[in-house]
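Asker: Based on what follows, work out the 3D shape:
(one chain, ligands or ions: 1)
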Amino acid sequence: MEIGLLTASQLSEAASVYALSWQTSHRSILSPDALSRHDATWARSHLEGLTAAGHLLLGLYEEGALRGVIAVRPRSGELSSLYVHPAHWGKGYGSALLRAALLRIPSGITPSLTVLSSNARARALYERRGFLPSGKAVLLNPEKNLSELTYIHPERKQIMKVLAINGSPHAHGNTAASIGIVAGALREEGIETEIVQVGHLPVRSCIDCRACRSRPDHHCAFDDVVNACIDKAQSCDGFLFGSPTYYAGMSGAMKAFMDRLFFTGGLPPYKVGMAICAVRRTGGLDVYHQLNNFMDITNFIRVPLPYWSVAYGNRDGDMMADEEAVSVLRTGGKQMAWLMKSLACAKDAVPMPALPERKWTNFIR
Ligand SMILES: Cc1cc2nc3c(=O)[nH]c(=O)nc-3n(C[C@H](O)[C@H](O)[C@H](O)COP(=O)(O)O)c2cc1C
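Answerer: Numbers count the residues shown, from 1 in each chain. Predicted coordinates for the structure are as follows:
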């Protein structure tokens, strides 16, 4: 599956998918005559009009065929024209297109879209993806009680967000305290942190079924905290991964979580990331490296640090007495904010590089 910008030569194919999907989804509310007027020619001129008005058209391709389209206007945050070929409804293509379009909208601009009140299927999808009715409704047909509703994505109104994973079973332990110091520094810079604790959960380990690789939403076959975090990750600008040290490694729950989260391929590239580790005495640096290993082969941009972010402590909150770690973590938070803001400013002037084609050799000769 591949999602990218549609070029002029792909417009006819896009118009066919658009018209077919539009006609199918409007069948119950329009007469056959009205439906037939909304054909591929009409769809093409509609899409051309959107392009002329500054909308980007994104297309989702699989096995060489276009499966769906969406339009997004980054400047205003408007999303429209999300249409998936009816033969491929229910496969997660709509979610994948919506997610790709949301990524094109800069932080600080609230995404919005309109949907017919009768389109329960589309409304459910938008609500699953964090959209809420704004309260604005335009009555189109009083007899049929048909309105055009405006939905917005309020979560995206905030400036920037970091997702922090706590791999400890202790909600108030040393890993939590370390994350809290970074989050405090981020907050001073106007950046929110959402903390998800995984260390107390019975997180399944990866069974290498590779189901996630063929799903457009990159969800894992085990529908748990991993999938919830893949969804959250789409609207995050930075990530903190924290774990206690268990026998010179990360906690078991954290390892299971990290393997599955990263293997899905569902994390957006070029995000800022930082690893944090709590340790009583020895082995913390191993955990620090282990956490960074995930980011280093997943196109993350690591936060510059003055020292390894390893905090010393045994029981809840001991690490607060490790003054050097407190200072390193606080600096890390500030530098994380600086890096995230710098990347956001540079986004339009210096586009992120395209992800390279990966050559897999598996050491086979
Ligand atoms: C199963 C287990 C293994 C541990 N292994 C190590 C270790 O290898 N090295 C070490 O210094 N501390 C080790 N510790 C101590 C924890 O890393 C330390 O208490 C840490 O601060 C706990 O972080 P938390 O409060 O966020 O859970 C271990 C603790 C447990 C429960």
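
Asker: For the protein, just list every one of the strands.
Answerer: 2-5, 56-62, 65-73, 78-84, 112-116, 132-141, 146-152, 160-166, 191-197, 238-244, 272-279, 301-302, 310-312 (DSSP state E).

Asker: Show me what the shortest one is packed against.
Answerer: Packed against strand 301-302 by the contact rule (3 or more Cβ pairs under 8 Å, 6 or more residues apart in numbering; DSSP states H and E) you find strand 272-279, helix 284-296. C-beta: built from backbone N, CA, C; applies to glycine.

Asker: who touches the closest residue in space to A321 that isn't next to it in sequence in this structure?
Answerer: Among residues not flanking A321 along the chain, G313 sits closest, at 7.4 Å (Cβ to Cβ, 6 or more residues apart in numbering). Applying Cβ atoms under 8 Å, 6 or more residues apart in numbering, we find G313 in contact with N174, A177, A278, V279, R280, M319, M320, A321, D322.

Asker: Get me the contact residues on this protein for the ligand.
Answerer: Taking Cβ under 6 Å from any ligand atom as the criterion, the chain approaches the ligand at residues 168, 170, 173-175, 244-248, 278-283, 313-314.

Asker: how many other residues sit next to the residue of the stretch 151-300 of the chain found nearest the ligand?
Answerer: Taking Cβ to the nearest ligand atom, the ligand has its nearest neighbour within the stretch 151-300 of the chain at G173, 2.3 Å off. For G173, the count of nearby residues is 23 (other Cβ atoms under 10 Å).

Asker: Look up how far I179 lies from L186.
Answerer: Separation of L186 from I179 (Cβ to Cβ, to the nearest Å): 10 Å.

Asker: again, but for T193
Answerer: Taken as Cβ to Cβ, the span from T193 to I179 is 8 Å.

Asker: pLDDT on whichever helix in the chain runs longest, on average?
Answerer: Longest helix of the chain, by residue count under DSSP state H: helix 323-349. In this model, helix 323-349 has an average pLDDT of 89.

Asker: number of nearby residues for the nearest residue to W89 once chain neighbours are set aside?
Answerer: Distance criterion Cβ to Cβ, 6+ apart; nearest residue to W89, sequence neighbours excluded, is R121 at 7.9 Å. By other Cβ under 10 Å, the residues close to R121 number 12.

Asker: what does P74 give?
Answerer: For P74, the neighbour count with other Cβ under 10 Å is 18.

Asker: isn't it right up against P106?
Answerer: Yes: counting by Cβ atoms under 8 Å, P74 does reach P106; the two are 6.3 Å apart.

Asker: that older thread, quick one: which of the contacts of G313 is most hemmed in?
Answerer: Of all these, the most densely surrounded is A278 (31 neighbours; neighbours counted as other Cβ under 10 Å).

Asker: Now for it: which residues touch it?
Answerer: 168, 173-175, 177-178, 242-245, 284, 310-313, 319.

Asker: again, only this time at 6 Å
Answerer: Contact analysis of A278 by Cβ atoms under 6 Å, 6 or more residues apart in numbering lists N174, T175, S178, P244, A311.

Asker: That one - nearest residue in space that isn't next to it in sequence?
Answerer: N174 (3.5 Å).

Asker: My read is that that neighbour contacts M320, right?
Answerer: No: if you go by Cβ atoms under 6 Å, N174 and M320 don't touch, sitting 8.6 Å apart.
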